[in-house]
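*Asks:* next one to model:
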Amino acid sequence: MKKVGLFSVLCVVIFAVMWFGNGKESTKPSPPKNDSVQAMTVQEESVSEREKQEKEKFVLKKSEFRSVEEWLNHTNKSLHSNDYAPFSSRESFVMHMAYSSYTYARHFYYLEDEIWMKMKLSELIKLFGEMRNESDSSKYDEYIKQFDAIYNEIQKEQRL
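*Replies:* Next up is the predicted model:
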């Protein structure tokens, strides 16, 4: 149990450093105030570069799923399955699902173009992020119910 706790803390620290950066202020001089077109171009380029770097951090180089729908269907089926082999318990299986689902939700978030789906993936990122940090395994069923609600909304929207 101590290894899992230490691993969780380590993952949270690494994620925080990746998410918030290393705290260093930018030393780049600001563009001249009278040249707003140039300033916008520089700003757009830096935003574009940041987005590209973020995408590179979270997009998997090799995914076992071809689409977000395929991943969602697999996740839904797995979370409701009574088969958790090769894991020794359902709790360890669900914890594994939380970690892998968090990773895939981030992956598909950066690949998705549709705003509505990005919002749903953002909800899943938050949900699986909380779930993977949950130490009380009795709460896993509540997280699965929340996943089901989001999953059903996505399924309903895709049928329309």
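*Asks:* in three-state terms, label Ile144 for me.
*Replies:* Recorded secondary structure, Ile144: helix (DSSP: H, G, I helix; E, B strand; the rest coil).
*Asks:* quick check: it touching Asn76?
*Replies:* No: using Cβ atoms under 8 Å, Ile144 is not in contact with Asn76, being 9.5 Å away. All C-beta spots, glycine's among them, are computed from the backbone N, C-alpha and C.
*Asks:* would you list every one of the strands in this structure?
*Replies:* Shown for the chain, no strands are assigned by DSSP state E.
*Asks:* what about Leu72, neighbour count?
*Replies:* For Leu72, the neighbour count with other Cβ atoms under 10 Å is 24.
*Asks:* name the nearest residue to it, sequence neighbours excluded.
*Replies:* In this structure, Leu72 finds its nearest non-sequential neighbour in Tyr151, 6.0 Å apart by Cβ to Cβ, 6 or more residues apart in numbering.
*Asks:* contacting residues for Met97?
*Replies:* With contact set as Cβ atoms under 8 Å, 6 or more residues apart in numbering, Met97 has these partners: 75, 78-79.
*Asks:* return the subset of the residues you listed lying in helices.
*Replies:* 75, 78-79 (DSSP state H).
*Asks:* related to what we said a few turns ago, which of the contacts of Met97 are buried?
*Replies:* Neighbour-count burial (16 or more other Cβ atoms under 10 Å) is assigned, among the contacts of Met97, to 75, 78-79.
*Asks:* how about the helices in the chain?
*Replies:* Here the chain has its helices, by DSSP H, at 2-20, 36-58, 68-79, 90-111, 115-132, 140-159.
*Asks:* quick one: Lys62 from Lys120, how far?
*Replies:* Relative to Lys120, Lys62 is positioned 24 Å away (criterion: Cβ to Cβ, to the nearest Å).
*Asks:* equivalent analysis for Lys61, please.
*Replies:* Between Lys61 and Lys120 the computed distance is 24 Å (Cβ to Cβ).
*Asks:* neighbour count: those two, which is higher?
*Replies:* Neighbours were counted for Lys61 and for Lys120 using other Cβ under 10 Å; Lys120 has more, 22 against 6.
*Asks:* now Gln146, nearest residue through space, not along the chain?
*Replies:* The shortest distance from Gln146 to any non-neighbouring residue, by Cβ to Cβ, 6+ apart, is to Leu127 (5.5 Å).
*Asks:* based on its surroundings, how many neighbours for that neighbour?
*Replies:* Close neighbours of Leu127, defined as other Cβ under 10 Å, add up to 20.
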